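# need a 3D model of the sequence below.
(2 chains)
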Amino acid sequence: MSTATTTETKDLAPVRTESLAALLVTGERPPRPSALSASLTFGWRAILKIKHVPEQLFDVTAFPIMMVLMYTYLFGGALAGSPKEYIQFLLPGILVMSVVMITMYTGVSVNTDIEKGVFDRFRTLPIWRPSVMVGYLLGDALRYTIASVVMLTVGMILGYRPDGGVAGVLAGIALLIVFSFAFSWIWTMFGLMLRTEKSVMGVSMMVIFPLTFLSNVFVDPKTMPGWLQAFVNNSPVTHVASAVRGLMAGDWPADEVAWSLGWAGLFVAVFGPITMRLYNRK
Amino acid sequence: MSQHTSGLAIETAGLVKTFGETRAVDGVDLAVPAGTVYGVLGPNGAGKTTTVKMLATLLRPDGGEAHVFGHDVVRDADEVRGRVSLTGQYASVDEDLTGTENLVLLGRLLGHHKKAARERAGQLLEAFGLTDAAGKQVKHYSGGMRRRIDIAASILNTPELLFLDEPTTGLDPRSRNQVWDIVRAVVAQGTTVLLTTQYLDEADQLASRIAVIDQGKVIAEGTKGELKASVGAGSVHLRLRDPAQRPQAEQVLRLAMDADVQLEPDPVALTARVGSGASNGQGAAEQAARALAELARTGVIVDNFSLGQPSLDEVFLALTGHDTHDAKNSTDTDDSKDEVAA
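Residues are numbered from 1 along each chain as shown, chains lettered A, B, ... in the order given. Model prediction:
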């Protein structure tokens, strides 16, 4: 016959064709799930995957801790006199930078996941098509939240004191997660567009490093040359960092919040449809 | 239920799909009656999987038309999706999740409430003999178990049309028989099944009509009986005690059975293809018996004798003049077969 398989089948309980037949006739068709319900179900899938492979939380725990410690002590003395004073300025920015960097993993997981047989099944379901991708990003939003909580905790231990209190901190994190959710559509696009995991990683680095470092996360842009200021002052990461910094300090930086949300809307509007086009073609 | 009344579950006309230079599917016409098992038989790379993917709305045809229960697979894709389920060559379930989680996930995506989805998942796992493995990740399942969970996922909502793409490739005979039993149970409840396979006996066991496809084209279509008649009844395989007697045996067979005789690489073995009843209107068994008697009479000692059904190779040889191995020069997705052994 064909290639050999396992012997496990011998111990397997037999198929009960009578109860199977009964199941087939009773099968009623419920109405199709709503877009929200389908998206949430895919979000639940993402969480189940985290549950089964908890190691994948490494990048939202160890990596953020490393980022806070490294930059606080590396630049603190030179830029602000002491690490303790620098962290007051740095923490909201490094939070934004790290979470935006973590979004990059979305592309890699989409790229590896999409090749699996289960996607053929998802694609033959009569559901709202983007729900698969939205579900991914909802799962990722959970990861961003974990990373944010971890970094804030480390920051507080090192002496960061947000003047905005609990409300300010929550508002800052909420804005960051909304932005990251929207920004991730770039990665879903690359995840579907590029052929291998490695190329996704390579392209992601090319995008993420300039975008996050060329911002106001570490220093005031006023010290930069004019041409660089022009880029930095208009970068979405700068707007989000300023907004989060303001919110956590207890201010209401309406302009910066509006800019952040505007960029978020733009990312979804541009990269969402491209992602879905690629997804439908795969 | 659909409005159409033609009684056809699938109807395609001139279906074409090209990948670069390769015409993976090259003008396929199919008419699949509702409520039956329809076999699509062909070697790797023949275009079976590509055809199924177009019918299941996974691939967009480059030419021709395809209707499923009267709905166009491109224009009314959502209508089609509501009626079909697909079980691929590889397990179309999430390997990282457990059996229960997979079925609950799909149940939710089909619109069941949490409780109903759990209930249905439990019942299906039990019917498929997977209750003990319900909490295990699918990646730890054996090949046979994967097929079961895969088919279970396909019938969470009883589909009107079920695509089974090489459901038993790589399974041991026992698991294969169990899959066949499941398919029979599904069809008995009125679901139409489109089965692709490389194995003639599988199509023979399950399907009422068969299309043979090769290099993207349907090269024969009909009921099992029609197809077999066109191919011949099968082959007689002989093993002699003395290789020196082989030329003599060859001659006897040729005369007694009026058949093509092939000399095997093994110096004591030879195979005679039994003609399609051309020899005095006799069946294959009678012809073989006559040949055996003739061999005994002429003193040829036969150690082993068997009468086999025509193999897929023989079907292909008869229909195309080349065997299945020549048909492999395509880039069809059929080639990307996963190892099902756990």
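
# all contacts plus neighbour counts: C-alpha atoms, from now on.
Noted.

# walk me through the domains of chain B.
Listed by automatic domain parsing, the domain ranges of chain B are B:8-91+B:141-229, B:233-309.

# worst average pLDDT in the ones you listed?
Set side by side, these differ in mean pLDDT, and domain B:233-309 is lowest with a mean of 80.

# contacts for the longest helix along chain B next, please.
Identified as the longest helix of chain B according to DSSP state H is helix B:173-188. Helix B:173-188 is contacted by residues A:1, A:9, A:15, A:17, A:20-21, A:24, B:35-37, B:144, B:147-148, B:167-168, B:193, B:206 when judged by C-alpha atoms under 8 Å, 6 or more residues apart in numbering or on different chains.

# circling back to that earlier point, so which of the domains of chain B is the most packed in?
Burial of the domains of chain B is given as mean neighbour count (mean count of other C-alpha atoms under 10 Å in any protein chain shown); domain B:8-91+B:141-229 ranks first at a mean of 22.

# pull the contacting residues for the closest residue to residue B:203 other than its chain neighbours.
Once flanking residues are discounted, residue B:203 sits nearest to residue B:39: 5.5 Å by C-alpha to C-alpha, 6 or more residues apart in numbering or on different chains. Going by C-alpha under 8 Å, 6+ apart, residue B:39 touches B:194-197, B:203, B:206-211.

# in the chain, which residue is most central in space?
You didn't pick a chain, so chain A it is. By C-alpha atoms, centre = their mean, chain A has its centre lying nearest to residue A:103, at 3.6 Å.

# wait, chain B was what I had in mind.
The structure's chain B has its C-alpha centroid closest to residue B:197; by C-alpha atoms, centre = their mean the separation is 2.0 Å.

# now do that one against chain A, distance only.
According to C-alpha to the nearest C-alpha, to the nearest Å, residue B:197 and chain A sit 12 Å apart.

# how far away is that residue from residue B:298?
42 Å (C-alpha to C-alpha, to the nearest Å).

# cool, residue A:114 as well?
Distance of residue A:114 to residue B:298, given as C-alpha to C-alpha: 65 Å.

# again, but for residue A:86
Residue A:86 sits 105 Å away from residue B:298, going by C-alpha to C-alpha.

# what about the strands in chain B?
Here chain B has its strands, by DSSP state E, at B:8-19, B:22-33, B:37-41, B:63-68, B:71-72, B:84-87, B:161-165, B:192-197, B:209-214, B:217-223, B:234-240, B:260-263, B:269-274, B:302-308.

# give the pairing partners of the third one; include direction for each.
It stands for strand B:37-41. strand B:192-197 (parallel), strand B:209-214 (parallel) (DSSP bridges).

# and for the second one?
Within its sheet, strand B:22-33 is paired with strand B:8-19 (antiparallel), according to DSSP bridges.

# distance between the strand it pairs with and the chain's centre?
Put simply, strand B:8-19 sits 18 Å off its chain's centre (C-alpha atoms, centre = their mean, to the nearest Å).

# can you give me the neighbour number for residue A:195?
Residues near residue A:195, counting by other C-alpha atoms under 10 Å in any protein chain shown, number 12.

# any idea how far residue A:196 is from the residue nearest to it when sequence neighbours are not counted?
Distance criterion C-alpha to C-alpha, 6+ apart; nearest residue to residue A:195, sequence neighbours excluded, is residue A:111 at 7.6 Å. To residue A:196, residue A:111 is 7 Å away according to C-alpha to C-alpha.

# again, but for residue B:205
Residue B:205 is 41 Å from residue A:196, by C-alpha to C-alpha.

# before we move on, what about residue A:219?
For residue A:219 relative to residue A:196 (C-alpha to C-alpha), the value is 36 Å.
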